[in-house]
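*Asks:* Starting from these lines, generate the structure:
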Amino acid sequence: MNYQELADKIKIWAKELGFQKVGICDVNLQEHEAELQKWLDAGYHGTMDWMARHGMMRARPDELLPGTVRVISARMDYLPPQAQFAANLNNPNHAYISRYALGRDYHKLIRNQLKKLGQLIEQEVEALNCRPFVDSAPILERPLAQKAGLGWSGKHSLILDKECGSWFFLGELLIDLPLPVDTPTDDQCGNCKACITSCPTGAIVADGVVDARRCISYLTIENSESIPVEFRKAMGNRIYGCDDCQLVCPWNRFASVTEEQDFHRRKALQSPDLVELFNWDEATFLKNMEGSAIRRIGHQQWLRNLSIAMGNAPYSQRILQALEARIGISALLDEHINWAMDEQLAQIGERSSIQIKHERLIRIVEKGLPRDA
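*Replies:* Residues are numbered from 1 along each chain as shown. Below is the predicted model of the structure:
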C-alpha cells in the first residue's frame, strides 16, 4: 500500500467532512510524562479526579487502543459570527459565555465526522483498527496536535496556529496504520506574555502551566462546589467559561469565522440579560440548552454562576428581587445568593458590615428559613 497517497487522501476527506486542518503523528509522548506528573502532583487538576485516575495512560495512546501506531489529529474552527466579545464583557448586566459554548455541543458532531473519516479509510485497506476521541478519553490531545503540525502550545496551554489563532476544537482518530507523519510546529509565542498578565485570577502560573483551581473556566464548569470568595469579584459577568487569554492573543487577529452552523450563537442566548437567564426555571433551562455543552452543569450550577455575576453588576432593585426569589433552593445556592445580595446592597451607600449582616438576617427571617441557611 502507498501510505503517502493514503495520507494525502485522508487530508482531503477530512476537509470535505468539515475539518479545517489535519495532521498525523506517532504515539510517543514520553517527553510529556514528567511534566504531566508534576502538574498532577501540584494538585492543579483540582477536583477533576479522572485526570489522575488513569495515570500515564494520557501520554500513551497505544495503551488506550492497543495496536495504535499513529494519531490523526483534526481541527475544526468554532468562532461564531457576531461573537460580540466586547459587547458582552463590557455590559455587566449581560452574561458572558465562552464562545465555544454558544452553539451546539461539539463532542458528538466532531466524533461523528471522525467516525466517517475512519469509514472512508476502511474502504481503502483490507483491515483497520481505529477509534475516534473528542475529550472522551484520557489522552494528551494538545501535545499530539503540536506533534502533528496543527500548531504550538501557547503560554496559556492552548494550541495556536499562525493562520487561525486558537478558536478551534481538536479531535483524534487513533489508527493502526504506519502512515507518514507530519512535521511538529515550533513555538512562536516569543516573549509575549499577554495571556499570562490578562488572566483575571492569575491561573497561568508558568509558561504553559494552568492551575485549574484558579481558572474561571474550571470554576464555572468543572467545579460543582462553592466558588472561593477570593475569585468571585474577578469573575465579573463570566457565567460559563472565560476567553480572556485568547482575546488578548495577537495570533487570534488571524482567526476565521466558522462555517459550521451548529457553532453559531443559539437563539436563547441572543440577549443574555442576567436576570432573564436567572429567572429560567429548570424546565426552561433544560429546553433552551438542549444540545448545548452548558446543559451538563445543571440548573443549580447555572444559577450559582449567574448569582455571582448579578452580585458584580451595578445595583438594581430588579436584581435584588430576582435573587431573593431564589433563596431556599439549596444551601450551596443560598451561599452565593447571599454574597450577591450583600454586594448589591453595599453599592447603595456607605454601610457597615454589621448593617449588611443585619439586613441579611432580616431577609432570612422573612423567608422563614433557619439562621444558618
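
*Asks:* Determine the number of other residues adjacent to the spatially closest residue to residue 309 that is not a sequence neighbour.
*Replies:* Spatial nearest neighbour of residue 309, chain neighbours left out: residue 237 (4.4 Å); criterion: C-beta to C-beta, 6 or more residues apart in numbering. For every residue, glycine as well, the C-beta is placed using N, CA and C. Neighbour count of residue 237, defined by other C-beta atoms under 10 Å: 23.

*Asks:* where's residue 237 relative to residue 215, distance?
*Replies:* Note on residue 237: its distance to residue 215, by C-beta to C-beta, to the nearest Å, is 17 Å.

*Asks:* what about the closest residue to residue 313 other than its chain neighbours, which helix or strand?
*Replies:* In space, residue 313 comes closest to residue 92 once its chain neighbours are excluded; the distance is 4.6 Å by C-beta to C-beta, 6+ apart. Element membership of residue 92, judged by DSSP states H and E, is empty: it is in no helix or strand.

*Asks:* Could I get the full set of strands for the protein?
*Replies:* Secondary structure of the chain by DSSP state E: the strands cover 21-25, 70-77, 96-97, 130-133, 152-153, 159-160, 168-175, 204-206, 209-210, 238-240.

*Asks:* Redo these as a markdown table? Include mean pLDDT and distance to residue 220.
*Replies:* Rendered in a markdown table, the data for the strands of the chain read as follows (pLDDT from 0 to 100; distance: least, C-beta to C-beta, whole Å):
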| stretch | mean pLDDT | distance to residue 220 |
| --- | --- | --- |
| strand 21-25 | 98 | 29 |
| strand 70-77 | 98 | 23 |
| strand 96-97 | 97 | 9 |
| strand 130-133 | 96 | 25 |
| strand 152-153 | 98 | 23 |
| strand 159-160 | 98 | 22 |
| strand 168-175 | 97 | 19 |
| strand 204-206 | 97 | 17 |
| strand 209-210 | 98 | 15 |
| strand 238-240 | 98 | 5 |
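
*Asks:* Of those strands, which is nearest residue 184?
*Replies:* Residue 184 sits nearest to strand 21-25 of all these, at 7.5 Å, using C-beta to C-beta.

*Asks:* Which elements pack onto the closest one?
*Replies:* Counting contacts by 3 or more C-beta pairs under 8 Å, 6 or more residues apart in numbering; DSSP states H and E, the secondary-structure elements packed against strand 21-25 are helix 3-16, strand 70-77, helix 141-147.

*Asks:* could you give the angle of the longest one to strand 70-77?
*Replies:* Orientation note: helix 3-16 sits at an angle of 20 degrees relative to strand 70-77 (axes from the mean of the first three to the mean of the last three C-alpha atoms, to 10 degrees).

*Asks:* for helix 3-16, which positions count as buried?
*Replies:* 7, 10, 11, 13, 14 (16 or more other C-beta atoms under 10 Å).

*Asks:* Now do the contacts for residue 77.
*Replies:* For residue 77, the set of contacting residues under the criterion of C-beta atoms under 8 Å, 6 or more residues apart in numbering consists of 20, 164, 167, 168, 255, 256, 257, 258, 259, 260.

*Asks:* Which residue, neighbours along the chain excluded, lies closest to residue 253?
*Replies:* For residue 253, the nearest residue in space outside its immediate sequence neighbours is residue 165; the separation is 7.3 Å by C-beta to C-beta, 6+ apart.
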